[in-house]
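Peer 1: next one to model:
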Amino acid sequence: MKPASCIAAPLLFAIATPAVATSTIACTARGWPGMDIAMSVGGTGIVQATISVGGEEISTVGENGPRIGQAWIDENELRLDIVDANADQRLARLVTRRQGGAYVGTLLFRGRTIRVRCEEAG
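Peer 2: Numbering: from 1, shown residues only. Have a look, this model is predicted:
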């Protein structure tokens, strides 16, 4: 084996990172038919979110759109703030607590506060 490959091989193993599994959490609201939230959760927490209502989507995917302002997920709570692209205005706030196998709480969106239920999808 050449000296360069003796050095390169261990570096490749050191650089390789394990794959991080992602999951999806879906929230629905009985009080607002057709409104739902889908969140992708990775190893670092909530990495993207989309609110769908009446054929319109507000998504944190993309360069110039809304952003996740702050998020928290653990075995007891799920919280999410979605802000505009400049982080000047909060567009949505989700606050839930674990109840059994689901997160249950409220979504503040477009001036309405509605009860939601969020569960891992798939």
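
Peer 1: what is the end-to-end distance of stretch 45-60?
Peer 2: 14 Å (CA to CA, to the nearest Å).

Peer 1: what's the answer for stretch 87-104, then?
Peer 2: Here stretch 87-104 reaches across 26 Å from its first residue to its last, counting by CA to CA.

Peer 1: flag every buried residue along it.
Peer 2: Buried residues in stretch 87-104, defined by neighbour count with 16 or more other CB atoms under 10 Å: 91-96, 102-104. In this view, the C-beta of every residue, glycine as well, is placed from N, C-alpha and C.

Peer 1: ok, stretch 108-122 next?
Peer 2: 109, 116, 118.

Peer 1: now find how far off-centre stretch 39-55 is within its chain.
Peer 2: Distance, stretch centre to chain centre, for stretch 39-55: 4 Å (CA atoms, centre = their mean, to the nearest Å).

Peer 1: distance-wise, check the nearest residue to residue 89 once chain neighbours are set aside relative to residue 27.
Peer 2: The shortest distance from residue 89 to any non-neighbouring residue, by CB to CB, 6 or more residues apart in numbering, is to residue 83 (6.5 Å). Distance of residue 83 to residue 27, computed by CB to CB, to the nearest Å: 18 Å.

Peer 1: okay, those two: which has more neighbours?
Peer 2: More neighbours surround residue 27 than the other of residue 83 and residue 27, with 25 against 18 (other CB atoms under 10 Å).

Peer 1: ok, now how distant is that one from residue 63?
Peer 2: Residue 27 is 25 Å from residue 63, by CB to CB.

Peer 1: with residue 37 instead?
Peer 2: From residue 37 to residue 63 the distance is 21 Å (CB to CB).
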